[in-house]
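1. Structure for this input, please:
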Amino acid sequence: MSDLAFPDKIIVTGATSVIGHFLLTRLVEAGCEVHAVSRSPGESLSTTDKKVFWHQADIRHAEQLPKVNAQALIHLAPLWLLPPLLPVLNPLRIERVIGFGSTSLFSKADSTDAGERQLAARFAAAEETIRSSCRNLEMNWTVFRPTLVYDCVRDKNVTVIARFVQRFGFFPLLGNAAGLRQPVHADDLAKACVMALGHPATFNKAYNLSGGETLSYQEMVEKIFGSLGKPARFLVIPAWLFRGAIRVVMLLPGKRNVTPEMAMRMNVDLCFDHADATRDFGFSPRPFCEFMKQPG
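-> Numbering: from 1, shown residues only. The predicted structure follows:
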């Protein structure tokens, strides 16, 4: 596989995702023609840019992938949807692929919840298939595994906590919620894509991408309270009661994916070193920014 110059035409799948909102803008600023793929019509500000072309497609059906002769693909959809796309990409002469997995590959591998173990296994299987398929197809691949992703607007982590705080004025904690977290901003992940695209040191490697600040779960929530101009108020709940409450929540519509294990992890460290990414392509994420502060 040859070294790849920075591509001038790129396909982005999952383009309306949290990371996609920032990535499209960064790619255009880098001079790229971007072909953005999503199941829903493009709704970001980037849709008005003449260098962004939107394609509505369901990539669960690989044949729907637009036939664009690009040099690279950045895959922001679930990682296990990438392997079936690789044979379709090969005739398009795509030489560079970047996909996003998750550090859940490690943190949920031994979970007591069968669904979480299955999720970790899907990430692991997808990574292995990407390695072998890209080797056979002579594509240079990179997989990024971010920690807790947020964007202060649409994410399902920090924003969900902030909405709860805004509505109720307090936040429930299991014990002292001392488990360490490293929130990583979606824009830092978008920047990592641009930095790694044509960088040979990143070819055929997987990287953990964590945020620039390590803080306890409780400290993270305290910062969210502060950014909303509210005093930090917590309701500390014993484990047995918390588990019971979560099981009741699971009965509500749209809450079946909420599990007791999610709450128990408030006291588990979920920290991952991003030193390899810093060494290879200069990854330097910001500290956990205030919730209402937008990236500059």
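2. Isn't residue 17 up against residue 75?
-> No - with contact defined as C-beta atoms under 8 Å, residue 17 does not reach residue 75; the gap is 10.3 Å. All C-beta atoms are positioned from the backbone trio N, CA, C, and that covers glycine.
3. Name the residue in these two with the higher neighbour count.
-> Legend: neighbour count by other C-beta atoms under 10 Å for residue 17 and residue 75, higher for residue 75 (24 against 20).
4. What sits closest to that one if chain neighbours are left out?
-> residue 99 (4.2 Å; C-beta to C-beta, 6 or more residues apart in numbering).
5. how far away is residue 193 from residue 167?
-> 34 Å (C-beta to C-beta, to the nearest Å).
6. Between the two ends of stretch 103-113, what distance do you get?
-> Stretch 103-113 stretches 17 Å from its first residue to its last (C-alpha to C-alpha, to the nearest Å).
7. Now do it: distance to the chain's middle.
-> Mean-position distance between stretch 103-113 and its chain equals 16 Å (C-alpha atoms, centre = their mean, to the nearest Å).
8. Repeat that for stretch 105-120.
-> 17 Å.
9. how about residue 67, phi and psi?
-> phi -80, psi 80 (degrees, to the nearest 10).
10. Surely it is in contact with residue 93?
-> No - checked against C-beta under 8 Å, the pair residue 67 and residue 93 is beyond contact range at 11.3 Å.
11. so what's the closest residue to residue 107 other than its chain neighbours up against?
-> The shortest distance from residue 107 to any non-neighbouring residue, by C-beta to C-beta, 6+ apart, is to residue 270 (5.3 Å). Going by C-beta atoms under 8 Å, 6 or more residues apart in numbering, residue 270 touches 103, 107, 147-148, 179-182.
12. can you check residue 154 too?
-> When contacts are counted by C-beta under 8 Å, 6+ apart, residue 154 touches 18, 21.
13. one step back: now the contacts of residue 270 as a markdown table including pLDDT?
-> Listed next are the contacts of residue 270 as a markdown table, based on pLDDT from 0 to 100:
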| residue | pLDDT |
| --- | --- |
| 103 | 97 |
| 107 | 92 |
| 147 | 97 |
| 148 | 96 |
| 179 | 95 |
| 180 | 97 |
| 181 | 97 |
| 182 | 97 |
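14. which of those has the most neighbours?
-> Of all these, residue 181 has the most neighbours under the rule other C-beta under 10 Å, reaching 28 neighbours.
15. you'd agree it is up against residue 215?
-> Yes - with contact defined as C-beta under 8 Å, residue 181 reaches residue 215; the gap is 6.3 Å.
16. re the thing from before, out of residue 193 and residue 167, which sits in the busier spot?
-> residue 193 (23 against 8).
17. Shouldn't residue 10 be within a strand?
-> Yes - under DSSP: H, G, I helix; E, B strand; the rest coil, residue 10 falls within a strand.
18. distance of it from residue 197?
-> Residue 10 is 8 Å from residue 197, by C-beta to C-beta.
19. circling back: quick check: the two most widely separated of the contacts of residue 270?
-> By the measure C-beta to C-beta, 103 and 179 form the most distant pair in those, at 13.6 Å.
20. from the middle of its chain, how far away would the helix ranked longest in the chain be?
-> In the chain, taking DSSP state H as the definition, the longest helix is helix 114-137. Remark: helix 114-137 is offset 16 Å from the chain centroid, using C-alpha atoms, centre = their mean.
21. Could you do stretch 17-30 as well?
-> Stretch 17-30 sits 13 Å away from the centroid of its parent chain (C-alpha atoms, centre = their mean).
22. can you list contacts of it?
-> With contact meaning C-beta under 8 Å, 6+ apart, stretch 17-30 is reached by 6, 10, 12, 14-15, 34, 36, 38, 44-46, 49, 51-52, 74, 76-77, 100, 149, 151, 154-155, 186-187, 189-191, 193-194, 295.
23. In helices, which of the residues you listed appear?
-> 186-187, 189-191, 193-194.
24. who touches the nearest residue to residue 53 once chain neighbours are set aside in this structure?
-> Distances taken as C-beta to C-beta, 6+ apart put residue 35 closest to residue 53, at 5.0 Å, once the chain neighbours are dropped. Residues counted as contacts of residue 35 (C-beta under 8 Å, 6+ apart) are 9-12, 53, 55, 66, 68, 70.
25. Roughly how far does the residue nearest to residue 75 sit from residue 183?
-> 21 Å.
26. More neighbours: which of the two?
-> The neighbour count for residue 99 versus residue 183, taken as other C-beta under 10 Å, is higher for residue 99 (28 against 25).
27. isn't the more buried one right up against residue 144?
-> Yes - contact criterion C-beta under 8 Å: residue 99 and residue 144 qualify, at 7.4 Å.
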